[in-house]
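> requesting a structural model of the entry that follows:
(chains A and B)
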2 protein chains.
Amino acid sequence: MASTSAAEVMNFLNEVAGRYPQAISLAAGRPTDVLFERLGTADLAARIDRYLDASGLSMATLLQYGRTAGAIHALMAQQLRIDEGVPAVPERVVVTAGCQEAMSLCLSALCLTSQDVALVCNPTYIGATGAAAALGIAVHGLTADGDGLPAAIDEAVAGLRREGRRAATLYLIPDFDNPTGRVLDRAQRLAILEACERHRIVVLEDNPYGMFRYDGDAVEPMAALDRAGSVIYLSTYSKTLCPAVRVGSAVVPETLFGDRQAATALFDDLVQRKSYLTVNTGQIAQAIVGGHLLLHDGSLRGWIEPARSVYRNNRDALLDRLDMRFGSDPRISWNRPEGGFFLTVDLPFAFDAAAVDECVNEEGVIVMPMAFFALDASQDRRIRLAFSAVGPERIAAGVDALARYLARRMAPQAHARETLAEPA
Amino acid sequence: MASTSAAEVMNFLNEVAGRYPQAISLAAGRPTDVLFERLGTADLAARIDRYLDASGLSMATLLQYGRTAGAIHALMAQQLRIDEGVPAVPERVVVTAGCQEAMSLCLSALCLTSQDVALVCNPTYIGATGAAAALGIAVHGLTADGDGLPAAIDEAVAGLRREGRRAATLYLIPDFDNPTGRVLDRAQRLAILEACERHRIVVLEDNPYGMFRYDGDAVEPMAALDRAGSVIYLSTYSKTLCPAVRVGSAVVPETLFGDRQAATALFDDLVQRKSYLTVNTGQIAQAIVGGHLLLHDGSLRGWIEPARSVYRNNRDALLDRLDMRFGSDPRISWNRPEGGFFLTVDLPFAFDAAAVDECVNEEGVIVMPMAFFALDASQDRRIRLAFSAVGPERIAAGVDALARYLARRMAPQAHARETLAEPA
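Numbers count the residues shown, from 1 in each chain, chains lettered A, B, ... in the order given. Next up, the predicted model:
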């Protein structure tokens, strides 16, 4: 399966989840409720009050229209510096209606003509390819990841040039990628930055999962390693506070490839585009985020700890059960991500939409074909498992269910359903 | 002056307002703080609690990701039926991050190819032409308003057809238009609907001011008069609750030109585009709106009464002072809107950006050149005056200041500044 549209995927999965409400979903990458079950309405009100106190704004001013680029840009820049090591400057932060708006704004500002193409990993986050499609922007999937990315970028640039086109931007998730879970190491990031500087490609570094590392050492964000002025950093509070605030940002570098005026012009263009998409980001939501940061010394590290602990346990439960069920089966393998919400399982056969349907119908577990995130057939024999929103016991039961389904599919007489054996 | 970009206008006005913070602004069309000064943080919390009680949702579910088309669509449909007479069906309501997002979604869904053009009145709301520009969609300004609109639509369609292009949609504000303040009467609305049905043009009916009528009888919204299935109704809570919630909607008709499946497909397309722009509308903000509606029997009529009374007094003060200052001057005329936030003043000379600068610098009042909203030079000799956010005394002082400026500009030796006399 290749080039399934993002909308088809979302419709399909919603429809499947709706038909099987009791199924175990290893498909959905939602944050755990543990993250925000500490937020009652009084807590939300307290955050708004705290923000009003600290900012000196009146409630009436808060409830009016406000600055297009946002009200809490300084608090957000500070949090990104403290928590993520991103050298964010308040004057370069566009506060957006979630990271998705930031992505749309950047794609449309960077890809101005039909010759401008967005490079993406393959597979990649469906919201990025979907935003590009909705904006009429062509995407080009890179043929390698990790160590192979710089050469794949060179190759893509050369190929596009032959067609009279240009790689204007590269979208990627360096930390705990959605969908694959992979992390780019420091050397890989530097090599990608070097390639992008050489080709004047603006990197859109999306980092929703960077603060959710469970072991190993953090790698600096590309925005921190960037010396050329080639990285726009995209952030979100959906995974660190709650999705319902719909607050994120795009952080423009101080210079764009060394040109300060060009960076200012890009910032101004993003702000203008924002004014025509959503006017400004809801100031009640901004006040909740701002007040929360003020109440927590500007950092979310401590606040997310309960969620991080949930995810670590979930990941361990998933890896343990995969080891138990498939550890001795050379036909099945998977990565062991040090953080994030997802991992990738490699299978010996193509797992498509029909397989999702069969698997949930026969065994009651929903998994995500990696093909749904792919631009070609290269990901057909892979699935993505999410471990963020389901507890250890359901994860174990989900893997058991998946194992039963896979065993049947891999049995010699895979098409003769009635003769299939259960796994040991 | 013609074809000033919306961004230039906004930058210019912000810059002017920043340089003259003490000036009286008859330029800004913000809602009065009287509208929402009744909303403290405890009131916001009470609204969220009320919504959770009524919907049966848990706080954790509210704070998660939610339905792309929105959570409070049924409450919003009910309010539009009660307050505006719009036959809104919950299943056809896309809840958006303010009306601006609804406009962007509809323009991009309706204008799919470079041949598809959006028709607009000339002058028109700058957010509409700005959104079109940001999306790369061509706009075509109609050459007449009011009674002349149907013929202007026919003419535009014919002209575009000769160029191999197509009028895909018509954006307009039938009630208390921004910028002009004009209202289309029932016969005019029916004639426009007839023309749009004939040409298969989808009407985007934007109605932010419809509930702010101060005298005369309401005219049914075009969405209520629509028999063909040609009107998408755009709504906002920025003027009836507060701008900071950033909640609005697009209401798709039950059929699109009689075709139910086509209307469903359009709705689905809007939802998909929404998912790539902002994922969903912030559910905290939706809960505040929903709770507010639940606390007020589903209607905002009573709630906006204090604001409506403020606007009526402001409008009366503005009209009185215009009568006093210019009533005997045949060179200056203006309309007398029965509602809304704005009126139009016709002048005997072109009022451009330099005039704005001079007028605020010399007399301390900021007004809006109508040219800023225009697609050509036809509006150069007009200004827009807003009466929503400034009280009667400042309105009177602002008109006096404007009168002094205009008197100088209209004096025989208008260019010999030192000889100019003050008006009586």
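
> low-confidence ranges, the stretch 301-424 of chain A, go.
A:413-424 (pLDDT under 70).

> ok, now with 50
A:416-424 (pLDDT under 50).

> how about the strands in it?
A:333-334, A:342-346, A:365-366, A:368-369, A:382-386 (DSSP state E, counting those that start in this stretch).

> cool, the stretch 51-200 of chain A as well?
Using DSSP E, counting those that start in this stretch, strands in the stretch 51-200 of chain A cover A:93-96, A:116-120, A:138-141, A:166-172.

> of the ones you listed, which is nearest chain B?
Chain B lies closest, by C-beta to the nearest C-beta, to one member of these: strand A:93-96, at 8.6 Å. C-beta here means a position set from N, CA and C on the backbone, and glycine is covered the same way.

> quick one: strands adjacent to the closest one?
strand A:248-251 (antiparallel) (DSSP bridges).

> follow the chain on from the partner strand and name the next helix or strand.
helix A:260-277 (DSSP states H and E).

> and that next one, what's its mean pLDDT?
The pLDDT scores in helix A:260-277 average 97.

> likewise for stretch A:111-125?
97.

> which positions in that stretch come out as buried?
Using 16 or more other C-beta atoms under 10 Å in any protein chain shown as the test for burial, stretch A:111-125 gives A:111, A:116-125.

> from those, list the ones also adjacent to chain B.
Among the buried residues of stretch A:111-125, proximity to chain B is found for none (C-beta under 8 Å from any C-beta of the partner chain).

> which of those residues sit farthest apart?
A:Asp116 and A:Pro123 (22.2 Å; C-beta to C-beta).

> is it correct that A:Pro31 is in contact with A:Ala307?
Yes: using C-beta atoms under 8 Å, A:Pro31 makes contact with A:Ala307 at a distance of 6.6 Å.

> so these two - more neighbours on which side?
A:Pro31 (25 against 21; other C-beta atoms under 10 Å in any protein chain shown).

> near chain B, which residues of the stretch 51-200 of chain A show up?
A:52, A:59-60, A:62-66, A:97-98, A:100-101, A:104, A:108, A:127, A:130-131, A:133-136.

> which of those residues are buried?
Of these, these count as buried by 16+ other C-beta under 10 Å: A:52, A:59-60, A:62-66, A:97-98, A:100-101, A:104, A:108, A:127, A:130-131, A:133-135.

> which stretches of the stretch 151-300 of chain A have low pLDDT?
In the predicted model of the stretch 151-300 of chain A, no residue satisfies pLDDT under 50.

> show me where it has its helices.
Secondary structure of the stretch 151-300 of chain A (DSSP state H, counting those that start in this stretch): helices at A:186-199, A:222-225, A:260-277, A:283-295.

> including mean neighbour count, could those go into TSV?
TSV is the format used below for those (neighbours: other C-beta atoms under 10 Å in any protein chain shown):
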stretch	mean neighbour count
helix A:186-199	19
helix A:222-225	22
helix A:260-277	20
helix A:283-295	26
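
> rewinding a little: export the strands of the stretch 301-424 of chain A to TSV and append columns for distance to A:Leu270 and mean neighbour count.
Listed next are the strands of the stretch 301-424 of chain A as TSV, based on distance: least, C-beta to C-beta, whole Å; neighbours: other C-beta atoms under 10 Å in any protein chain shown:
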stretch	distance to A:Leu270	mean neighbour count
strand A:333-334	38	16
strand A:342-346	29	21
strand A:365-366	37	25
strand A:368-369	32	26
strand A:382-386	31	25
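
> any chance of those in JSON lines, plus distance to chain B?
JSON lines is the format used below for these (distance: least, C-beta to the nearest C-beta, whole Å):
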{"stretch": "strand A:333-334", "distance to chain B": "26"}
{"stretch": "strand A:342-346", "distance to chain B": "16"}
{"stretch": "strand A:365-366", "distance to chain B": "16"}
{"stretch": "strand A:368-369", "distance to chain B": "16"}
{"stretch": "strand A:382-386", "distance to chain B": "13"}
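
> which residue sits closest to A:Glu194, ignoring its sequence neighbours?
Spatial nearest neighbour of A:Glu194, chain neighbours left out: A:Pro150 (7.0 Å); criterion: C-beta to C-beta, 6 or more residues apart in numbering or on different chains.

> residues touching the one you found, list them.
Counting by C-beta atoms under 8 Å, 6 or more residues apart in numbering or on different chains, A:Pro150 makes contact with A:191-192, A:194-195.

> which parts of the lengthiest helix in chain A are buried?
Counting residues, the longest helix found in chain A (DSSP state H) is helix A:301-326. Residues of helix A:301-326 classed as buried by neighbour count (16+ other C-beta under 10 Å): A:303-304, A:307-308, A:310-312, A:314-315, A:317-319, A:321-322, A:325-326.

> which two among the residues you listed are spaced furthest apart?
A:Trp303 and A:Phe326 (35.7 Å).

> just to check, A:Arg213 is in contact with A:Glu338?
Yes: contact criterion C-beta under 8 Å: A:Arg213 and A:Glu338 qualify, at 5.9 Å.

> mind listing the shared neighbours of these two?
A:Phe176.

> and the stretch 201-350 of chain A, which of its residues are near chain B?
Going by C-beta under 8 Å from any C-beta, the residues of the stretch 201-350 of chain A near chain B are A:238, A:242-246, A:268, A:272-273, A:275-285, A:288.
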